[in-house]
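> Sequence and predicted structure are below.
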Amino acid sequence: MRSLEAQWAEFHAQNPGFYVLFCRFAFEALRAGRRRLSANMIFERIRWETAVSREEEDYKANNNYRAYYARFFMADQARPGVFETRALSSPPASMVEEN
């Protein structure tokens with residue numbers, strides 16, 4: 001069975017537009033004065049926008065990917081601490097030994 005992180009990495013690679021929207025809505029919230037963001041809020045906004053707008057792809061993102069997108073955004077966009085994070089329930093793939 002593939003790890004959740006591996007599943008997220010596959011989704012992320014196959015759906016680059018999802019991260020584009022994630023960044024768009026995160027920066028929109030930051031420009032509006034929000035200091036802390038919620039990955040859940042951004043996921044639901046993406047769902048709303050893609051369900052209502054015919055211009056965007058309708059993404060089927062697993063809610064379990066929220067933690068990975070939050071961490072990825074903070075590292076990729078040099079915005080540490082914008083999302084509150086907790087310990088992951090499964091260790092990152094880099095910490096799992098190959099058999």
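Perfect, thanks for sending it.
> mind listing what's buried in the lowest-mean-pLDDT helix or strand in the chain?
Lowest by mean pLDDT, DSSP states H and E among the helices and strands of the chain is helix 39-52, with a mean of 92. Residues Ala39, Ile42, Phe43, Arg45, Ile46, Glu49, Thr50 are the ones in helix 39-52 that count as buried (16 or more other C-beta atoms under 10 Å). Where C-beta positions appear, they are placed from N, C-alpha and C, glycine not excepted.
> now swap in stretch 5-15 and tell me
Quick answer for stretch 5-15 (16+ other C-beta under 10 Å): Glu5, Trp8, Ala9, Phe11, His12.
> Just the element for the most centrally placed residue in the chain, please.
For the chain, the residue sitting closest to the mean C-alpha position, by C-alpha atoms, centre = their mean, is Tyr69 at 2.3 Å. For Tyr69, the element it lies in under DSSP states H and E is helix 66-76.
> What is that helix packed up against?
helix 4-14, helix 16-31, helix 39-52 (3 or more C-beta pairs under 8 Å, 6 or more residues apart in numbering; DSSP states H and E).
> For it, list every residue counted as buried.
Within helix 66-76, the residues scored as buried using 16+ other C-beta under 10 Å are Arg66, Ala67, Tyr68, Tyr69, Ala70, Arg71, Phe72, Phe73, Met74.
> any chance of those in JSON lines, with pLDDT and distance to Arg31 too?
Below are the buried residues of helix 66-76 laid out as JSON lines (pLDDT from 0 to 100; distance: C-beta to C-beta, whole Å):
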{"residue": "Arg66", "pLDDT": "95", "distance to Arg31": "21"}
{"residue": "Ala67", "pLDDT": "94", "distance to Arg31": "24"}
{"residue": "Tyr68", "pLDDT": "95", "distance to Arg31": "24"}
{"residue": "Tyr69", "pLDDT": "97", "distance to Arg31": "19"}
{"residue": "Ala70", "pLDDT": "96", "distance to Arg31": "18"}
{"residue": "Arg71", "pLDDT": "95", "distance to Arg31": "22"}
{"residue": "Phe72", "pLDDT": "96", "distance to Arg31": "20"}
{"residue": "Phe73", "pLDDT": "97", "distance to Arg31": "15"}
{"residue": "Met74", "pLDDT": "96", "distance to Arg31": "17"}
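> Since that was my last question, I'll sign off now.
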